[in-house]
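Colleague: okay, sequence plus prediction incoming.
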Amino acid sequence: QVQLVESGGGLVQAGGSLRLSCAASGRTFSTYAMGWFRQAPGKEREFVGRISWSAGVVYYADSVKGRFTISRDNAKNMVYLSMNSLKPEDTAVYYCAAGRVVGLRMVADYWGQGTQVTVSS
């Protein structure tokens, strides 16, 4: 069992930066792939990116590639999403997830409660 709690969301102007954090609890945290998803109003939840359990492989959705960076610290049970050059279309609730790598992406077995990111134009 893994519990996930996100933090760091907020309101930022277009072009700005935010860093989201995800605190995980559970003894087997380091064995899971970790990732971030987001859901904008009226839209389905979409994949943002994921990082393998060893932090050796990272994959991003095309919409955020080059602007977002995922990292993890297994010793601290933490996962981070650094977001730069934010755009209004990045506005969404961002969810941390723990799960399994499937192909280039991942399937989530556990979800956090989400944190709101709002990018103003």
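Modeller: Great, that's in hand.

Colleague: what residue is smack in the middle of the protein?
Modeller: Centroid-nearest residue in the chain: Trp36, 2.4 Å away (criterion: C-alpha atoms, centre = their mean).

Colleague: give me the longest strand you can find in this protein.
Modeller: strand 92-102 (DSSP state E).

Colleague: ranges for the strands of this structure?
Modeller: 3-7, 10-13, 18-25, 33-39, 46-51, 58-60, 68-73, 78-83, 92-102, 105-111, 115-120.

Colleague: and the fourth one, what's buried?
Modeller: Along strand 33-39, these residues count as buried under the neighbour rule (16 or more other C-beta atoms under 10 Å): 33-38. All C-beta spots, glycine's among them, are computed from the backbone N, C-alpha and C.

Colleague: now the longest one
Modeller: Neighbour-count burial for strand 92-102, with 16+ other C-beta under 10 Å as criterion, is recorded at 92-99, 101.

Colleague: cool, and the fifth one?
Modeller: Of the residues in strand 46-51, those buried under the neighbour-count criterion (16+ other C-beta under 10 Å) are 47-51.

Colleague: tell me the two of these that are most distant?
Modeller: Phe47 and Ile51 (12.6 Å; C-beta to C-beta).

Colleague: anything in contact with each of the two?
Modeller: Gly35 (C-beta atoms under 8 Å, 6 or more residues apart in numbering).

Colleague: can you tell me which residues contact Gln1?
Modeller: Contacts of Gln1 (C-beta under 8 Å, 6+ apart): 26, 110.

Colleague: that one and Ala33, how far apart?
Modeller: Separation of Gln1 from Ala33 (C-beta to C-beta, to the nearest Å): 16 Å.
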